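Chemist: Here is my input; please provide its structure:
(one chain, ligands or ions: 2)
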Amino acid sequence: MGELWTQMGSLMATIMFLYAIFDRFFPTALRDALQIHTQKVVNVLYPYVQITFSEFSGERLKRSEAYTAIQTYLSENSSQLAKRLKAEVVKDSQNPLVLSMDDDEEVTDEFQGVKLWWAASKTASNHHAYSFSYYSPPAGKRYFKLTFHKKHRDLITVSYIRHVLEEGKEIALRNRQRKLYTNNPSSGWYGYKQSKWSHIVFEHPATFETLAMEQRKKEEVINDLVKFRNGKDYYAKIGKAWKRGYLLYGPPGTGKSTMIAAMANFMNYDVYDLELTAVKDNTELRKLLIETSSKAIIVVEDIDCSLDLTGQRNLKKERCEDEEPKDYPGKKDEEESNKSSKVTLSGLLNFIDGIWSACGGERIIIFTTNFVDKLDPALIRTGRMDKHIELSFCRFEAFKVLAKNYLDIDSHHLFARIGSLLEMTNVTPADVAENLMPKCVNEDVETCLMSLIQALEKKVAEEELEGGLDEEKDEEPTQHKKMNNGYSTVEDVKENGFML
Ligand SMILES: Nc1ncnc2c1ncn2[C@@H]1O[C@H](COP(=O)(O)OP(=O)(O)OP(=O)(O)O)[C@@H](O)[C@H]1O
Ligand SMILES: [Mg+2]
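Modeler: Ligands and ions are numbered 1, 2, ... in the order given. Model (predicted):
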């Protein structure tokens, strides 16, 4: 290619020289005619095609998406080959410092066995449009120039360029800094710099590895996600929007929100936490949905509290938090706003699988609830929420994950005792995790495990006591039994706490 450029350089120099002479001595009409003919001669002699991609395009000189995608593609694929690199700070990227090839640098690429050349350039401010590309960028502007042999024109213009643009966008998505979005109340949607969603950087550390759950169930969820991620063509083939719905249900503290974070990290998706109680009506819901991006998880937490099954919104505080006082500051305003809110069940169903749900592509919708039985069957029927995942109380398998997370141990002689206690009572992973957390800097593994055992034994004893008292009411007085582990009795617990 170097030799070719030298030859081309001399050819260009000769042509420029000739132009200069004609510019000086010949009238405009003759010059133009000559230019056209020269162009034709060069086209015959020069077997290469060049395409230029300018950094800015359109009347408003917006940064061209194609230029950005090519820059990202070249940064990842070919910049290692460039000798002179340019460092740029890119906003919203995991790695804010991006290296790309500098001006007047050239790299090669290969596509289906065809060699191509990319050059990064900047037009000189006194640039004259003696260019043989399809488009000559304006003076002082950056551009990429792609050069390839004309016999590969179809392959490059159709397949290769599409490949570069898609790959560039894909890399940018992969490297982006992920966000956690929450919807703003519609009263703040308009005006300068207001938008429907507010965001912060999403940095939740949860992964499937750290999620305490039966291994078999966990793998089932992971496989489902992988199938979804790789299913673009499949979804297109069967004519379905590329989206998947999950319903996560289980008691508070069993890991529903943690699993959503693990899913987002696994899929490398953004998270849109949709607070339905802040959405006034179905139209607003649609507007919010349209503004969500691809590769995102849209979450509606506590769906049973967000929407009444009849379609009228309930007061979240009244239904879901019994301890909430009947009157509280702002209650009146809230009731008023709820009366005027009209997000209906049908609006929500349209949100899940109406035509609006198809915009943007590659999206997961997750509902969570503590009370799966309360949900309207229409909301959770098969095909709407594709997969129902139960997160339940902590058993031995889940405990082992927590022990690994919190204490970095795979086994311990106290595990057997904990395993049997976890079969005797229902405790959430959140409770177990709380007890495993060292209470002071020097607390060792054994002390942490013992603290968990004590808490579990206390709970078992209390439940036995309650059970006993209930039975006493119905039948003859009950003898307090020795607990399965043989260490404490209910009496021990009442009198001495947990003497183990
Ligand atoms: N399955 C789990 N694996 C790992 N950690 C868990 C799990 N369940 C709960 N935890 C721990 O308990 C905390 C609370 O869990 P999380 O918020 O996920 O529960 P939840 O099911 O969403 O509860 P709620 O129904 O109240 O929203 C988490 O921060 C996490 O530390
Ligand atoms: Mg939660």
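Chemist: Okay, now stretch 371-386: how far is its last residue from its first?
Modeler: 18 Å (Cα to Cα, to the nearest Å).
Chemist: got the buried residues for that stretch?
Modeler: For stretch 371-386, a neighbour-count test (16 or more other Cβ atoms under 10 Å) marks 372, 375, 376, 379, 380, 384, 385 as buried. Where C-beta positions appear, they are placed from N, C-alpha and C, glycine not excepted.
Chemist: Can you pick out the most distant pair from those residues?
Modeler: Farthest apart among the buried residues of stretch 371-386 by Cβ to Cβ are 372 and 384. That separation is 14.0 Å.
Chemist: Got phi/psi on residue 394?
Modeler: Residue 394 adopts backbone torsions of phi -80, psi 120, taken as degrees, to the nearest 10.
Chemist: dump the residue contacts of it.
Modeler: Taking Cβ atoms under 8 Å, 6 or more residues apart in numbering, we find residue 394 in contact with 212, 254, 402, 422, 427, 428, 429, 431, 432.
Chemist: go on, residue 206?
Modeler: So residue 206 contacts 258, 259, 261, 262, 265 (Cβ under 8 Å, 6+ apart).
Chemist: buried subset of those residues?
Modeler: 258, 259, 261, 262, 265.
Chemist: Could you find the closest non-adjacent residue to the residue of the chain found nearest ligand 1?
Modeler: Closest approach between the chain and ligand 1, counting by Cβ to the nearest ligand atom: residue 255, at 2.6 Å. Once flanking residues are discounted, residue 255 sits nearest to residue 391: 4.9 Å by Cβ to Cβ, 6 or more residues apart in numbering.
Chemist: Output the contacting helices and strands for the longest helix along the chain.
Modeler: Longest among the helix segments of the chain by residue count, using DSSP state H, is helix 445-474. The elements that helix 445-474 packs onto, with contact taken as 3 or more Cβ pairs under 8 Å, 6 or more residues apart in numbering; DSSP states H and E, are helix 396-407, helix 415-424, helix 429-436, helix 490-496.
Chemist: Tell me which of those helices approaches residue 275 most closely.
Modeler: It is, among the helices and strands packed on helix 445-474 and with distance given as Cβ to Cβ, helix 429-436, at 22.2 Å.
Chemist: Describe which strands the strand or helix carrying residue 99 pairs with in its sheet and in which direction.
Modeler: Assigned by DSSP states H and E, residue 99 falls within strand 97-101. Counting by DSSP bridges, the strands paired with strand 97-101 are strand 85-89 (antiparallel).
Chemist: Buried residues in the strand it pairs with, which are they?
Modeler: For strand 85-89, by 16+ other Cβ under 10 Å, it's residue 86.
Chemist: so who does the residue positioned nearest the centre of the chain touch?
Modeler: With distances taken as Cα atoms, centre = their mean, residue 269 lies nearest the centre of the chain, 1.0 Å away. Going by Cβ under 8 Å, 6+ apart, residue 269 touches 178, 263, 295, 296, 297, 364.
Chemist: Helix or strand: which one has the residue in the chain that ligand 2 sits nearest to?
Modeler: Minimum separation of the chain from ligand 2 (Cβ to the ion) falls at residue 257, amounting to 3.2 Å. Assigned by DSSP H and E, residue 257 falls within helix 256-267.
Chemist: Next SSE downstream of that helix?
Modeler: Immediately after helix 256-267, counting by DSSP H and E, sits strand 270-273.
Chemist: and the stretch 351-500 of the chain, which of its residues are near ligand 1?
Modeler: 370, 391, 429, 430, 433 (Cβ under 6 Å from any ligand atom).
Chemist: swap the cut-off to 5 Å and go again
Modeler: Within the stretch 351-500 of the chain, the positions adjacent to ligand 1 are 429, 430, 433 by Cβ under 5 Å from any ligand atom.
Chemist: Most neighbours of all those, which one?
Modeler: residue 429 (24 neighbours; other Cβ atoms under 10 Å).
Chemist: ok, back up a step: give me the number of residues near the residue of the chain closest to ligand 1?
Modeler: When neighbours are counted by other Cβ under 10 Å, residue 255 comes out with 23.
Chemist: Does it touch residue 212 like I think?
Modeler: Yes. Using Cβ atoms under 8 Å, residue 255 is in contact with residue 212, at 6.5 Å.
Chemist: List the contacts of residue 392.
Modeler: 250, 251, 254.
Chemist: Now do the end-to-end distance for stretch 252-260.
Modeler: Stretch 252-260: ends 14 Å apart by Cα to Cα.
Chemist: can you check stretch 46-64 too?
Modeler: Terminal-residue distance, stretch 46-64 (Cα to Cα): 29 Å.
Chemist: For residue 278, give me the backbone phi and psi.
Modeler: phi -100, psi 0.
Chemist: what's the closest non-adjacent residue to it?
Modeler: Excluding the flanking residues, the one nearest residue 278 by Cβ to Cβ, 6+ apart is residue 185, at 4.9 Å.
Chemist: ok, the one you found touching residue 276?
Modeler: No. Using Cβ under 8 Å, residue 185 makes no contact with residue 276, being 11.9 Å away.
Chemist: Settle it for me: which of the two has more neighbours?
Modeler: Using other Cβ under 10 Å, the more surrounded residue of residue 185 and residue 276 is residue 276, with 22 against 14.
Chemist: what separates that one from residue 213, distance-wise?
Modeler: 27 Å (Cβ to Cβ, to the nearest Å).
Chemist: can you give me the helices for the stretch 151-300 of the chain?
Modeler: Using DSSP state H, counting those that start in this stretch, the helices of the stretch 151-300 of the chain run over 153-154, 161-175, 215-229, 232-238, 256-267, 282-290.
Chemist: Ok, the stretch 301-450 of the chain next?
Modeler: Counting by DSSP H, counting those that start in this stretch, the helices of the stretch 301-450 of the chain are 303-306, 316-320, 331-340, 345-353, 377-380, 396-407, 415-424, 429-436, 445-474.
Chemist: Please state the offset of the fourth one from the chain centre?
Modeler: Offset of helix 345-353 from its chain centre (Cα atoms, centre = their mean, to the nearest Å): 22 Å.
Chemist: Same check on the fifth one?
Modeler: Put simply, helix 377-380 sits 26 Å off its chain's centre (Cα atoms, centre = their mean).
Chemist: how about the CA coordinates for it, as PDB?
Modeler: Output of helix 377-380 as PDB, limited to C-alpha atoms (Å, rounded to 0.1, in the frame of the first residue of the first chain):
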ATOM      1  CA  PRO A 377     -54.300 -14.000  36.500                       C
ATOM      2  CA  ALA A 378     -54.300 -11.700  33.500                       C
ATOM      3  CA  LEU A 379     -51.100 -10.100  34.600                       C
ATOM      4  CA  ILE A 380     -49.200 -13.300  35.100                       C
END
